[in-house]
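Student: Provided below for reference: sequence and predicted model.
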Amino acid sequence: MTDTTTHAHHGYITDRDKYLNRLKRIEGQARGIRGMVEDEKYCIDILTQISAMTSALEAVALGLLDDHLRHCVLDAARAGGDEAEAKISEATQAIARLVR
């Protein structure tokens, strides 16, 4: 496992506010879904909201993955050596987790 704290700058930093805003909306969706369950709303309506929230989370994950590949992995690949191999392996494992 690589030490992810050694980088002073992550690829997503330029879009940090965009990601934070999206995550705040997702938090609101989760609270809304909880409220729907508490209020015993129709199952299909709850499932529809869960699907929307899942899609929103996937969009955040794919954006972060893209930023990681374009910055962290690309920088490591340019440097070569063990760090390049580690970053590629790390990215591969992250992709595998996303597609499960």
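Tutor: That came in fine, so what should we check first? Residues are numbered from 1 along each chain as shown.

Student: Identify the residue nearest the most centrally placed residue in the chain in space, chain neighbours excluded?
Tutor: The C-alpha lying nearest the average C-alpha coordinate of the chain belongs to residue 61 (Cα atoms, centre = their mean; 2.3 Å). Nearest residue to residue 61 in three dimensions, chain neighbours excluded: residue 98, at 5.7 Å (Cβ to Cβ, 6 or more residues apart in numbering). C-beta coordinates here come from the backbone N, C-alpha and C atoms, glycine included.

Student: which residues touch the one you found?
Tutor: Taking Cβ atoms under 8 Å, 6 or more residues apart in numbering, we find residue 98 in contact with 58, 61-62, 65.

Student: pLDDT weak spots in the chain?
Tutor: Judged by pLDDT under 70, the chain has its weakly predicted residues at 1-9, 11.

Student: Show me what the lengthiest helix in it is packed up against.
Tutor: Identified as the longest helix of the chain according to DSSP state H is helix 43-68. For helix 43-68, the elements it packs on are helix 16-38, helix 81-99, judged by 3 or more Cβ pairs under 8 Å, 6 or more residues apart in numbering; DSSP states H and E.

Student: List the buried residues in that helix.
Tutor: 46, 49, 53, 60, 64-65, 67-68 (16 or more other Cβ atoms under 10 Å).
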